[in-house]
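Need coordinates for the following:
(chains A and B)
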Amino acid sequence: MKVKDRYEHRTYAHCETGTVVSLLRHHGLEISEPMVFGLASGMMFAFLPFVKMPGGMPIVAYRSIPKSIIGGIQRRLGVKFEVRKYRDEAKAMEDLSELIDKKQVVGVQTSIFWLPYFPQEARIPFNAHNIVIFGKENGEYLVSEPVLEEPTRIKPQDLQNARFAKGVMAPKGFMYYPTHIPENIDINSLILKSIKRTNFMMLSAPTPCGVRGIFYLANYIEKLGGKKSEKYIRSLLGHITLMQEEVGTGGGGFRYMYAAFLEEAYERLEIPALQEASRKMTEAGHLWRNFALVCARTFKRKDSEIDLPHIADLLRIAGKAEKEVHLMLRKIT
Amino acid sequence: MTTEDDKQNQLMTRDTRWQQMAWTMYKVDDRGKYETTLEGYDDHLVMTVPFADASQEKAAEVKQRVLRNESSPIEFFMYKRLLDPKSLAQAMGITLWRLKRHFKPGVFKKLDQNKLQEYAKIFNVQVDDLKNFREDA
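All right, here's what the predicted structure looks like:
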């Protein structure tokens, strides 16, 4: 491993892929964010109406569950991360401080609710946010935050609160850093394997997940009228937009990022089908975006008419386009 | 510093914090190549704020009830800090049932210092603000 002397801060679309890429780059492995996202088979869809998030809204996920990227990238690339969890808060902070003193760059799981550098309105109780701690200055930790343009700072006490927030997906002081990166990783040979896995997850997953989940959500939206109050429907549509476009997905609920991965795959492997798949995935991303825009409009204009069949149709079109891409990719893997 | 100044100050710091945020977007150019662009607060369709608005609305509603002595400041600050009963109960490590009891003014007045301290830590206010209900804390 060739560890760089200075940590270089960059912005990334997504917090988990972002921290993993930062850590790998810092340890001398040049890799792009879409590549990590694709290799770890991060793309997914799930709609779980019975599991509620903070705010009473159902889970709508456009990627696989948190921490699966850290696990997936280790399995795929053969890199090793030291992963730690704690019960004792003081011990966790001590260990972190020790690692930082040794000039180690560490990824930490935190809760957004406790991070003071975010605007008050954005501090929702979401527990699986990842940041990179890369130094200490005047008793404050230096933070590389994927959605901030510049590195920022955090007081140890605030960081401790954020690392030990309670609730669903509690971080429990989770932190990680790479300890081993094999020489000469042959990324090209791994691409098709990961595409195959994503394929399997999207096409073969049972109903609330994968491509079937998309159509399930469409049906669910269509049948909402008359069952729930207008206010609930509007905020559900707002929530879907939030999960798709606002929480660091790179636009179109990770579909653009996956298309970028397919394009990079084409450049490396030069299989023409990959380029076509990338184009089609971009189009699917546009369709997703279209759907989100109508949702956002319905949410923001409280007096507008709610055209649920239309919204459901837009979603079905997006789901259909995406399904075709996966079916196409299935042929070449 | 007057409270007016304080409020203005708060708004200013809030704005700068929003301005530091940058969303990375993947966009395709004319030749079909992907590149990343940064979107700032202004050109991004920020939805977190409407979500926050709904919570603030609820907080305003609860505030009236607190003033009429029908609810406790804990419920008010819960909505003000964008929490809901479930996540606050989890953060406190108590059951939902117990948390809802603390919403009753009578029960709230009898809460011991330790519990109040824990609440104050979560809401990022002073214990005094809870006891005497200062909403701007």
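
Tell me which residues of the lengthiest helix in chain B come out buried.
The helix spanning the most residues in chain B, taking DSSP state H as the definition, is helix B:48-67. Neighbour counts over helix B:48-67 (16 or more other C-beta atoms under 10 Å in any protein chain shown) mark B:48, B:50, B:51, B:52, B:54, B:55, B:58, B:59, B:62, B:63, B:66 as buried. Bear in mind the C-beta positions are built from the backbone N, C-alpha and C, glycine included.

Return the closest of those with respect to chain A.
Checking these against chain A with C-beta to the nearest C-beta, the nearest one is residue B:52 at 4.0 Å.

residue contacts, the residue most central in space within chain B?
Computing the C-alpha centroid of chain B and ranking residues by C-alpha atoms, centre = their mean puts residue B:81 first, at 1.5 Å. Neighbour list for residue B:81: A:113, A:123, B:122, B:123, B:124 [criterion: C-beta atoms under 8 Å, 6 or more residues apart in numbering or on different chains].

Can you report how many residues lie near the last one?
Read that as residue B:124. Look at residue B:124: counted by other C-beta atoms under 10 Å in any protein chain shown, it has 17 neighbours.

neighbouring contacts of stretch A:1-8?
The contact list for stretch A:1-8, computed with C-beta under 8 Å, 6+ apart, reads A:22, A:25-28, A:105, A:132, A:134-135, A:144, A:178, A:180-181.

In helices only, show me the residues you listed.
A:22, A:25, A:26.

quick one on the thing from earlier: would you mind listing which of the contacts of stretch A:1-8 are buried?
Buried residues within these, counting neighbours by 16+ other C-beta under 10 Å: A:22, A:25, A:26, A:27, A:105, A:132, A:134, A:135, A:144, A:178, A:181.

Show me what the longest strand seen in chain A packs onto, helices and strands only.
Ordering each strand of chain A by length in residues (DSSP state E) puts strand A:43-53 first. Judged by 3 or more C-beta pairs under 8 Å, 6 or more residues apart in numbering or on different chains; DSSP states H and E, the packing partners of strand A:43-53 are strand A:57-63, helix A:188-204, helix A:210-222.

who are the neighbours in contact with residue 105?
By default, I'm working from chain A. Counting by C-beta under 8 Å, 6+ apart, residue A:105 has contacts A:7, A:22, A:23, A:26, A:132, A:133, A:134, A:177.

I was thinking of chain B, sorry if that wasn't clear
With contact taken as C-beta under 8 Å, 6+ apart, residue B:105 is in contact with B:69, B:70, B:71, B:72.

again, only this time at 7 Å
When contacts are counted by C-beta atoms under 7 Å, 6 or more residues apart in numbering or on different chains, residue B:105 touches B:69, B:71, B:72.

Name the member of those with the most neighbours.
residue B:72 (25 neighbours).

burial of the closest residue to that one other than its chain neighbours, as a residue count?
What sits nearest to residue B:72 in space, not counting adjacent residues and going by C-beta to C-beta, 6 or more residues apart in numbering or on different chains, is residue B:108, at 3.6 Å. For residue B:108, the neighbour count with other C-beta under 10 Å is 21.

Look at residue B:108 and give its secondary structure.
Secondary structure assignment for residue B:108 (DSSP: H, G, I helix; E, B strand; the rest coil): helix.

what are the ranges of the helices in chain A?
Counting by DSSP H, the helices of chain A are A:15-26, A:33-39, A:68-77, A:89-101, A:156-163, A:188-204, A:210-222, A:230-241, A:255-269, A:272-300, A:308-332.

What of chain B?
Assigned by DSSP H, chain B shows helices spanning B:3-20, B:48-67, B:73-80, B:85-92, B:96-102, B:105-109, B:113-123, B:127-131.

Out of those helices, which is closest to residue A:234?
helix B:48-67 (9.7 Å; C-beta to C-beta).

tell me what the closest one is packed against?
helix A:230-241, helix B:73-80 (3 or more C-beta pairs under 7 Å, 6 or more residues apart in numbering or on different chains; DSSP states H and E).

which of these sits most buried?
helix B:73-80 (a mean of 25; mean count of other C-beta atoms under 10 Å in any protein chain shown).

and that one, how far from the chain's centre?
8 Å (C-alpha atoms, centre = their mean, to the nearest Å).

and that helix, what does it pack onto?
Counting by 3+ C-beta pairs under 7 Å, 6+ apart, helix B:73-80 packs on helix B:48-67.

what sits against the residue nearest to residue A:113 when sequence neighbours are not counted?
Once flanking residues are discounted, residue A:113 sits nearest to residue A:125: 4.4 Å by C-beta to C-beta, 6+ apart. Residue A:125 makes contact with A:54, A:111, A:113, A:167, B:83, B:87 under the criterion C-beta under 7 Å, 6+ apart.
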